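In: Mind looking at a prediction? Sequence and model below.
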Amino acid sequence: MEKLIITAAISGAEVTKEMNPAVPYTIEEFVREAGLAYKAGASIIHLHVRWDDGRPTQDRERFRVVMDAIRAKYPELIIQPSTGGAVGMSNDERLQPTELKPEMATLDCGTLNFGGDEVFENTENTIKYFGNRMIELGIKPELEVFDKSMIDMALRLHKKGYIKSPMHFDLVMGVNGGITGDLRDFVFLRESLPSDATYTVAGVGRFEFTLAAAAIIDGGHVRVGLEDNVYISKGVPARSNGELVEKVVRLAKEFGREIATPAEARKILGLA
Ligand code: KMH
Ligand code: ZN
C-alpha cells in the first residue's frame, strides 16, 4: 500500500480561540502550528489565514507573509491554500492566494448549506472559473467534495476539460449540510471515484478519527486539524494540530501503514 499522506488543516476560517486556544491567528502562531503538525507527520498544510484579531481573510499579501514564514522554517512542506475562504466572500477575493502559484489549492465542487442561514456557494460557473485558473497557473486542485453530487460535478467538468487527471479528491464528511461521516457513506463516496484518482478523507467533528482509520485501512489519505475538529477525544480539547496528527500516526502504525514525507507525498500526487 502507498505511504499515508497526512494533511493538517491548521486553522480554517470558522473556528476561534474561544473554541480552542491553539487556533492560530498571528504569523508566529501559524508557524508554530504548521511546525508541530509537520514534526508529528503531516506533509501538507491546508491553509486559511487570519488577521491578528482572528478575522478570516483571503488577502494575497497576508497569505504571502504566512507562507513565506512557514517555508523559511519548514521549506519541504507542501502548502495548500484554501480557495474556499469563508462563507460570503466573492470568487475573486477567494482566488487571491492562487496568484502566489502554490503547488496545490482547494477547488470546492458544489454549493451546500453551512449551518443556520449560511450557504457556501460554488455554482457550476464558479467551479469552471476556478478550474481554468488552476490549469493556467499549473496548480493541482484538491477537489473538495461535501456530498456525492459534487463528485459527479467534478467528473463532468473533468470531461469538459476544466479539471485534469489524475484527480485528487478530499472527501469532507460530517459538515452540517453535507453528507454524514457514517462508514456506509464513506464507502459510497469512495466507490464513486475514478480508479486513477487519489483521495484524502476529512472527517468533521466526531467523525475525524473513525474516518481516518477507514482511509488508513482502505489505502486513502487523511486530513485532520483544528479546522475540522477541535477535540483530541470526546470533550477534551486538542493541545495543538500536532497532537491531532500524532493520533493519526499512532493509528497508521497500528495498521502497518507508513507515513509519507513531503517528498514522497509529491510523488504520490504527481507534483514532483
Ligand atoms: N470555510 C469553508 C466555507 C476550502 O478550504 O476550500 C470553506 C472551506 C473549503 O473551508
Ligand atoms: Zn478549508
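Out: Thanks, I have it. Numbers count the residues shown, from 1 in each chain. Ligands and ions are numbered 1, 2, ... in the order given.

In: Can you tell me the SS state at residue 169?
Out: Classification of residue 169 by DSSP: H, G, I helix; E, B strand; the rest coil places it in strand.

In: show me the contacts for the residue positioned nearest the centre of the chain.
Out: Central residue check for the chain by C-alpha atoms, centre = their mean: the C-alpha nearest the mean position is that of residue 46, 4.7 Å away. Contacts of residue 46 were listed using C-beta atoms under 8 Å, 6 or more residues apart in numbering, and they are 7, 8, 9, 10, 80, 82, 106, 142, 223, 225, 227. Just so you know, the C-beta spots here come from the backbone N, C-alpha and C atoms, and that holds for glycine as well.

In: Let me know how buried the fifth one is, in neighbour terms.
Out: Pointing back at residue 80 there. Here the neighbour count serves as a burial measure; for residue 80 (other C-beta atoms under 10 Å) it reads 25.

In: ok, the residue in the stretch 101-250 of the chain positioned nearest to ligand 1 - contacts?
Out: When distances are taken as C-beta to the nearest ligand atom, the stretch 101-250 of the chain approaches ligand 1 most closely through residue 106, which lies 3.4 Å from it. For residue 106, the contacting residues are 46, 80, 81, 82, 83, 84, 141, 142, 144, 170, by C-beta under 8 Å, 6+ apart.

In: Output these in JSON lines; the columns should cover distance to ligand 1 and pLDDT.
Out: As requested, those are exported to JSON lines (distance: C-beta to the nearest ligand atom, whole Å; pLDDT from 0 to 100):
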{"residue": "46", "distance to ligand 1": "7", "pLDDT": "98"}
{"residue": "80", "distance to ligand 1": "9", "pLDDT": "98"}
{"residue": "81", "distance to ligand 1": "8", "pLDDT": "98"}
{"residue": "82", "distance to ligand 1": "3", "pLDDT": "98"}
{"residue": "83", "distance to ligand 1": "6", "pLDDT": "98"}
{"residue": "84", "distance to ligand 1": "3", "pLDDT": "98"}
{"residue": "141", "distance to ligand 1": "10", "pLDDT": "98"}
{"residue": "142", "distance to ligand 1": "8", "pLDDT": "98"}
{"residue": "144", "distance to ligand 1": "5", "pLDDT": "98"}
{"residue": "170", "distance to ligand 1": "8", "pLDDT": "98"}
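
In: what's the closest of those to residue 27?
Out: Using C-beta to C-beta, residue 81 is the member of the contacts of residue 106 that lies nearest residue 27, at 15.0 Å.

In: Now the closest one. Nearest residue, chain neighbours left out?
Out: Ranked by C-beta to C-beta, 6 or more residues apart in numbering and with sequence neighbours excluded, the top spatial neighbour of residue 81 is residue 97, at 3.7 Å.

In: Taking the contacts of residue 46 together, which two end up most distant?
Out: By the measure C-beta to C-beta, those have their two most distant members at 10 and 142, which lie 15.0 Å apart.

In: and those two? which has more neighbours close in?
Out: The neighbour count for residue 10 versus residue 142, taken as other C-beta under 10 Å, is higher for residue 10 (30 against 25).

In: On the pLDDT front, check the more buried one for me.
Out: In this prediction, residue 10 carries a pLDDT score of 98.

In: What confidence value was assigned to residue 174?
Out: At residue 174, the predicted lDDT confidence score is 98.

In: Residue 229 versus that one, what's the distance?
Out: Plainly put, residue 174 is 9 Å away from residue 229 if you go by C-beta to C-beta, to the nearest Å.

In: Give the residues shared as contacts by these two.
Out: With contacts taken as C-beta under 8 Å, 6+ apart, residue 174 and residue 229 have 203, 204, 205, 206 as neighbours in common.

In: the strands in the stretch 1-150 of the chain, which residues?
Out: Applying DSSP state E, counting those that start in this stretch to the stretch 1-150 of the chain gives strands spanning 6-9, 44-47, 49-50, 56-57, 78-81, 104-108, 112-113, 119-120, 140-145.

In: can these go into JSON lines with extra columns for distance to residue 15?
Out: Formatted as JSON lines, those follow (distance: least, C-beta to C-beta, whole Å):
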{"stretch": "strand 6-9", "distance to residue 15": "10"}
{"stretch": "strand 44-47", "distance to residue 15": "13"}
{"stretch": "strand 49-50", "distance to residue 15": "10"}
{"stretch": "strand 56-57", "distance to residue 15": "10"}
{"stretch": "strand 78-81", "distance to residue 15": "17"}
{"stretch": "strand 104-108", "distance to residue 15": "17"}
{"stretch": "strand 112-113", "distance to residue 15": "18"}
{"stretch": "strand 119-120", "distance to residue 15": "15"}
{"stretch": "strand 140-145", "distance to residue 15": "17"}
